[in-house]
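*Asks:* I would like to see how this sequence folds:
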Amino acid sequence: MSITFGPGIAITGNTISANVSLGAPVVTTATVVSATTATVTFTAPPLNGNPPITSYVATSSPGSITGTLTQSGSGTITVSGLTPANTYTFTISAYNIFGLGSTSAASNNITTPSIYPTFNTPVVMNNETTLQATMFSVAVNSSGLFAAVGQDNNQYAVYAYSNNGSSWTTPARMNGVATVAQMLSVAVNSAGLFVAVGFSSPDGYPLYATSSNGSTWTTPARMNGSTTPAIMRSVTVNSAGLFVAVGYNSSNYPVYATSSDGSTWTTPALMNGSTTAARMNSVAVNSAGLFVAIGSAIPGSYYAVYATSSNGSNWTTPALLSGTGTYAILGSLTVNSSGLFVAVGKDGNNYPAYATSSNGSTWTTPVAMNGTTTGGNMASVAVNSSGIFVAVGNVSSYSAYAASSDGSTWTTPAIMDGVTDYGNLDSITVNNSGLFVAVGTNGAYPSYTTSK
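*Replies:* Sure, this is the predicted structure:
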């Protein structure tokens, strides 16, 4: 026996069913909210005698990512978990006690924005066309003042500064003196003190210089008056103001030095007394105060290595990343607010490469970024407050960059827009507003670029 209640509901035996299918909602518009979120607005279908609608589901194409709205009438559904820089359409279906109704026609196309920055074409600092120089490192203080250090073509230590990352002073010699030196790295503490480290030429003694404003620098001087050659490749500073520098001595053994004020340094000493050849190229410190250094074991092998220290002075012996001999030269290291260390450089095929560690000790094996098979090197990496990593360097001898939201999934390293001349970006930093600034050389003159 069958009993019908109006046009929409029937009872046959023990089964309740709908005689008229539930109609399709009408999508009004789909709108981008963020790189991973969109909204879809719709009007409800007529019931045609059916029981009330209980919910609506919006589904993306591609990806079949869904969002649900529990109500009976028209409305707006939020769909989260979309992929940045991707194009989507959406359909909507209604549900009642009998289940799924008809599906709407597809919405308009929407394209989610990229979460990764793009960059302006690198240009010469202050349009300088007489002083040939390379800027090896850049740092920014909490007020947004950028300071870069490097070396001119006469091998004198130079600096430049900028209040906004775009308008730079012409690189000038530190303290106006002809000091033959390469200043390879600069860091800045919470009080705004810039400290640069490097080495003298040609004797190779470890040097430092300081500046409280980025423009007035001390003359580069030997660390603790050291008479033992050492090349200090990188410097960082922890939240307590302890500066730690790493590098290697004339025997290619890994060394470190520390300073609580940027001016009074310990003499560079072997890491854990190590007499195994290893050049430490970069150092970073996490919020817990763990210092991590990365580099390459040499000669001949150039296997990627790391070392750690809880206080900047007591270091582990440099060990192979991932415990295996993987040929890679990792030249730069950074750490995000969650404590993820990310190192970049190049692999044994001279392809841009990376490695990651959540604790500074257990590392992934260095691999090419996004499987790239184009020659290049990522010379520096920085991370913003949103956790976006950006690496810079060169691809096929042209200034290039790559980006990642997790340190492991990278974009393919790409040549920067408008680049037509050979060049390299040696260092990158990011200010509190998320502006990335990179410095280097266009092959002859000091150059910089900023994110858009």
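
*Asks:* Leaving out chain neighbours, which residue sits closest to Pro117?
*Replies:* Leaving aside its sequence neighbours, Pro117 sits nearest to Ser451 (C-beta to C-beta, 6 or more residues apart in numbering; 3.7 Å). To be clear about C-beta, it is placed using only N, CA and C from the backbone, and glycine gets the same treatment.

*Asks:* how about low-confidence regions in this protein?
*Replies:* Judged by pLDDT under 70, the chain has its weakly predicted residues at 1-20, 48-49, 299-301, 323-324.

*Asks:* Can you name the residues that contact the spatially most central residue of it?
*Replies:* The residue at the geometric middle of the chain, judged as the C-alpha nearest the mean C-alpha position with C-alpha atoms, centre = their mean, is Phe389 (1.4 Å). When the contact criterion is C-beta atoms under 8 Å, 6 or more residues apart in numbering, the partners of Phe389 are Thr334, Asn336, Val342, Val381, Ala382, Val383, Ala403, Ser404, Ser405, Gly407.

*Asks:* out of those residues, who's nearest Leu100?
*Replies:* Distance ranking of the contacts of Phe389 against Leu100, using C-beta to C-beta, places Ser405 first at 34.9 Å.

*Asks:* pretty sure that closest one contacts Val390?
*Replies:* No: judged on C-beta atoms under 8 Å, Ser405 makes no contact with Val390 at a distance of 10.6 Å.

*Asks:* of the two, who's got more company?
*Replies:* The residue with more neighbours, out of Ser405 and Val390, is Val390; 26 against 16, by other C-beta atoms under 10 Å.

*Asks:* Out of the contacts of Phe389, which sit inside helices?
*Replies:* Secondary-structure check on these using DSSP state H: no residue lies within helices.

*Asks:* Mind putting those into JSON lines with distance to Asn86?
*Replies:* Rendered in JSON lines, the data for these read as follows (distance: C-beta to C-beta, whole Å):
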{"residue": "Thr334", "distance to Asn86": "27"}
{"residue": "Asn336", "distance to Asn86": "24"}
{"residue": "Val342", "distance to Asn86": "24"}
{"residue": "Val381", "distance to Asn86": "25"}
{"residue": "Ala382", "distance to Asn86": "26"}
{"residue": "Val383", "distance to Asn86": "23"}
{"residue": "Ala403", "distance to Asn86": "16"}
{"residue": "Ser404", "distance to Asn86": "17"}
{"residue": "Ser405", "distance to Asn86": "14"}
{"residue": "Gly407", "distance to Asn86": "21"}
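
*Asks:* Ile92: which of these is nearest?
*Replies:* Distance to Ile92 across these (C-beta to C-beta) is lowest for Ser405, with 29.1 Å.

*Asks:* For Ile115, see how far away that closest one is.
*Replies:* Spatial separation of Ser405 from Ile115 under the definition C-beta to C-beta, to the nearest Å is 6 Å.

*Asks:* list the buried ones in the longest strand along the chain?
*Replies:* In the chain, with assignment by DSSP state E, the single longest strand is strand 87-96. Residues of strand 87-96 classed as buried by neighbour count (16 or more other C-beta atoms under 10 Å): Tyr88, Thr89, Phe90, Thr91, Ile92, Ser93, Ala94, Tyr95, Asn96.

*Asks:* which among those gets closest to Pro206?
*Replies:* Proximity of the buried residues of strand 87-96 to Pro206 was ranked by C-beta to C-beta; the top entry is Tyr88 with 55.0 Å.

*Asks:* so the closest one makes contact with Thr59?
*Replies:* No: between Tyr88 and Thr59 there is no contact under C-beta under 8 Å: 10.1 Å.

*Asks:* Please identify the buried residues of stretch 343-362?
*Replies:* Neighbour-count burial for stretch 343-362, with 16+ other C-beta under 10 Å as criterion, is recorded at 343-347, 351-357, 360.

*Asks:* how about those in a markdown table, adding secondary structure?
*Replies:* Listed next are the buried residues of stretch 343-362 as a markdown table, based on DSSP: H, G, I helix; E, B strand; the rest coil:
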| residue | secondary structure |
| --- | --- |
| Ala343 | strand |
| Val344 | strand |
| Gly345 | strand |
| Lys346 | strand |
| Asp347 | strand |
| Tyr351 | coil |
| Pro352 | strand |
| Ala353 | strand |
| Tyr354 | strand |
| Ala355 | strand |
| Thr356 | strand |
| Ser357 | strand |
| Gly360 | coil |
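
*Asks:* Which pair of the residues you listed spans the longest distance?
*Replies:* Once C-beta to C-beta is applied, the buried residues of stretch 343-362 give Tyr351 and Gly360 as the farthest pair, at 24.7 Å.

*Asks:* Pick out the most distant pair among the buried residues of strand 87-96.
*Replies:* Pairwise distances among those were taken by C-beta to C-beta; the largest, 26.8 Å, belongs to Tyr88 and Asn96.

*Asks:* the helices in this protein, which residues?
*Replies:* Listed in chain order (using DSSP H), the chain turns out to have no helices.

*Asks:* Could you chop it up by domain?
*Replies:* Here the chain is described, according to automatic domain parsing, as comprising the domains 2-111, 123-450.

*Asks:* Can you say which of the ones you listed is packed in most?
*Replies:* Per-stretch averages of neighbours, counted by mean count of other C-beta atoms under 10 Å, single out domain 123-450 among the domains of the chain, with a mean of 20.
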